[in-house]
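> Sharing a sequence plus its predicted fold:
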Protein chains: 2
Amino acid sequence: MSTKNFPHTSKDKRAVSVPKHDVFHAIADPTRRQMLQLLADNELSIAAIAQFFPISRTAVNKHLHILAEAGLVSCRKAGRETRYKLEPEPLAELKTWLSFFEQYWDERLAALKHLVEADEEPS
Amino acid sequence: MSTKNFPHTSKDKRAVSVPKHDVFHAIADPTRRQMLQLLADNELSIAAIAQFFPISRTAVNKHLHILAEAGLVSCRKAGRETRYKLEPEPLAELKTWLSFFEQYWDERLAALKHLVEADEEPS
DNA sequence: TGTTTTCAACACCAAAAGGTGATATATTCA
DNA sequence: TGAATATATCACCTTTTGGTGTTGAAAACA
């Protein structure tokens, strides 16, 4: 394939304003997935979250920023702490994406069932 | 948090036999997601796949290896070409993971609806 | 046989990811 | 005011990621 659909500007990435961290990327990291589960039931500060992981608060903060960029968490200042909570809506994109493939694995299951049933009555 | 739940072996990663590339990681890359969609309907060789992307065949090959490691594609030698096709089953893990969060965004929608209704009869 | 095709494997590179510690900044409280 | 706390931000480091080109082996075919 040609690359002509790529702009002439070779290394200008300034004005792109690309989201950069989408939902798919955000949930790729197992630590971030655990954080989402943790924040599903509790609104927690960074320090509270950090207690559950063997990494520094700075690292926790970075993960939270990535999750926030993807819209999966929101934060609220409460005095001197910042409390984070889950925002599950962006996961709908994932669900939509998945639904495209569901037909294929439904087909697979149907084919498999067919095979098993055919096996019960040998040719 | 302490790190004592981590084994004493400091940098021994030999015997772990870690999968290394799980489904979540595999679908994090947009190119790989497009490849999955492409392979959903067609069983294609590397050269054929590479025609759809502005990257080298070597790069395509790497992406396919990552997808194969996650179990999302399988390959079959046909003469001198290797044909790849979709294996949708591992996406079930994603679906399962998602289902955990569905209750939360269902709750959200319910709460939102409640708010809207409450708004109709001001306090 | 030799040539072409298709891929796999290798070395290499730049950028991003995930982590660290150190240093602000802002808030609470004595 | 000063001290303690909670977080944000900065500079830095190492590993991984996504890409490149080159090389080499196996299959197809003249």
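Cool, the structure landed. Numbering: from 1, shown residues only, chains lettered A, B, ... in the order given.

> State the distance from A:C75 to A:H21.
16 Å (CB to CB, to the nearest Å). Heads up, the C-betas are built off the backbone N, CA and C, glycines and all.

> Confidence-wise, which helix or strand of chain A is lowest on average?
helix A:91-120 (a mean of 82; mean pLDDT, DSSP states H and E).

> List the buried residues of that one.
A:L91, A:L94, A:W97, A:L98, A:F101, A:Y104, A:W105 (16 or more other CB atoms under 10 Å in any protein chain shown).

> hmm, that helix in reach of chain B?
Yes: residues of helix A:91-120 contacting chain B under CB under 8 Å from any CB of the partner chain: A:L91, A:A92, A:L94, A:K95, A:W97, A:L98, A:F100, A:F101, A:E102, A:Y104, A:W105, A:R108.

> Need the residues you listed in JSON lines (columns: distance to A:L115).
Formatted as JSON lines, the residues of helix A:91-120 next to chain B follow (distance: CB to CB, whole Å):
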{"residue": "A:L91", "distance to A:L115": "34"}
{"residue": "A:A92", "distance to A:L115": "35"}
{"residue": "A:L94", "distance to A:L115": "31"}
{"residue": "A:K95", "distance to A:L115": "30"}
{"residue": "A:W97", "distance to A:L115": "29"}
{"residue": "A:L98", "distance to A:L115": "25"}
{"residue": "A:F100", "distance to A:L115": "25"}
{"residue": "A:F101", "distance to A:L115": "21"}
{"residue": "A:E102", "distance to A:L115": "20"}
{"residue": "A:Y104", "distance to A:L115": "17"}
{"residue": "A:W105", "distance to A:L115": "15"}
{"residue": "A:R108", "distance to A:L115": "11"}
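
> what's the closest of the residues you listed to B:I27?
Checking the residues of helix A:91-120 next to chain B against B:I27 by CB to CB gives A:W97 as the nearest, at 8.1 Å.

> That closest one contacts B:P30, correct?
No: with contact defined as CB atoms under 8 Å, A:W97 does not count as touching B:P30 (11.0 Å).

> got any residues that touch both of the two?
Both A:W97 and B:P30 are contacted by A:F24, under the criterion CB atoms under 8 Å, 6 or more residues apart in numbering or on different chains.
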